[in-house]
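# predicted model, plus sequence, below.
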Amino acid sequence: MSEQKAPIVVKRIKKVAGGHHGGAWKIAYADFVTAMMAFFLLMWLLGSTTKGDLEGIAEYFKTPLKVAMQGGSGSGDSSSVIKGGGADLTREDGQIKRGDTEAEKKSYNLKAAQAEIERLETAKLKQLKKKLETAIDANPTLKQFKRQLLIDITSEGLRIQIVDEQNRPMFNLASAELQPYTKVILHEIGKTLNDVENRVSLSGHTDATPYANGARGYSNWELSADRANASRRELIVGGMEEDKMLRVVGLASSVPFGSAGPFDPVNRRISIIVMNKRTEEAVTKEASGVNVTNGAEARSEVEKAGTPR
């Protein structure tokens, strides 16, 4: 009898590849960092918010419907945004927000209107400056005297200065008589000044060279005033409307040109300022005897003083 062989059993094990678990800690870490950032922001908000605002927030969470109906700092009023110290950084000039008083609204509206007026006025003065510079370059006579024509924008408005050079004075020596080329310059400037409605201030300047017996008789003060008036007349001849001139003054050598020495020829100059509205109002009020910073009160005092008792 033949011997039976035992059956051979082959076991096949199916291997299933497991998923990658190496990134799970990153998700947990990101959640932790987010939570810490939120906690930090909460602490910062609590530390920066005023006590009144904190009480409003607490009241909102106690009775949210009541606070929302009645209003207040806890109801989301924009004025309760964190101050942090100083002005409200969320507010721009002229911007009105909920909760502002009528006086604040008027103040913001006034500031916005003034800012817009000043912006438009500055733009007009810049256009006038460009037009003058173009006219100087286009005129062969004026172009050769370009170094003596200084035009810039200052806090007072558009300033046009005509200065002397060592060998090219604007006036005859010790006289208010204009040189022919100076008249041409003033005529050209006079044509362009009517392009803007702003009024004009004109001042005459000399160097510090004294007149003989000038302290008692005719001096640099009279000379600078006479030269300013002679320049005014030539501006009008050139086409400037006469009522545009608001002020004509002679300053002698009291205001040197920049850092120039007192005897430097550049001090001998005519300064024409196309004034902005702020400067014009200040000059008008000052000349009328009204305090520029407190005009209403000063006018009231003058009226009281003139009232019979």
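Nice, I can see it.
# Lys143: what's it in contact with?
Ile136, Asp137 (C-beta atoms under 8 Å, 6 or more residues apart in numbering). No exception for glycine: its C-beta is placed from N, CA and C like everyone else's.
# what do you get if the cut-off is 10 Å, keeping everything else the same?
By C-beta atoms under 10 Å, 6 or more residues apart in numbering, Lys143 lies in contact with Ala135, Ile136, Asp137, Leu149.
# out of the residues you listed, which are inside helices?
Among the contacts of Lys143, DSSP state H puts Ala135, Ile136, Asp137 in helices.
# what about the second one, neighbour count?
Spelled out, that is Ile136. 19 (other C-beta atoms under 10 Å).
# likewise the first one?
Each residue near Ala135 was counted by other C-beta under 10 Å, and the total is 15.
# quick one: it and Leu193 touch, right?
No. Look at Ala135 against Leu193 with C-beta atoms under 10 Å: they stay out of range, at 11.8 Å.
# what about the strands in the stretch 1-150 of the chain?
Using DSSP state E, counting those that start in this stretch, the strands of the stretch 1-150 of the chain run over residues 149-154.
# low-confidence bits of it, can you list those?
For the stretch 1-150 of the chain, the stretches flagged by pLDDT under 70 are 1-6, 10-11, 13-22, 52, 60-108.
# and if we set it to 90?
Along the stretch 1-150 of the chain, segments meeting pLDDT under 90 span 1-29, 40-148.
# all helices for it, in order.
Assigned by DSSP state H, counting those that start in this stretch, the stretch 1-150 of the chain shows helices spanning 24-48, 51-62, 64-70, 102-138, 140-143.
# possible to save those helices as CSV with distance to His205?
Converted to CSV, those look like this (distance: least, C-beta to C-beta, whole Å):
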stretch, distance to His205
helix 24-48, 56
helix 51-62, 59
helix 64-70, 67
helix 102-138, 20
helix 140-143, 21
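# quick one: which of the ones you listed is nearest Ile189?
Of all the helices of the stretch 1-150 of the chain, helix 102-138 sits nearest to Ile189, with 6.8 Å by C-beta to C-beta.
# which parts of that closest one are buried?
Of the residues in helix 102-138, those buried under the neighbour-count criterion (16 or more other C-beta atoms under 10 Å) are Tyr108, Glu121, Lys124, Leu125, Leu128, Lys129, Leu132, Ile136.
# report the angle between the axes of it and strand 149-154?
Per axes from the mean of the first three to the mean of the last three C-alpha atoms, to 10 degrees, the angle that helix 102-138 makes with strand 149-154 is 170 degrees.
# show me what contacts Glu118?
By C-beta under 10 Å, 6+ apart, the contact set of Glu118 is Asn276, Lys277, Arg278.
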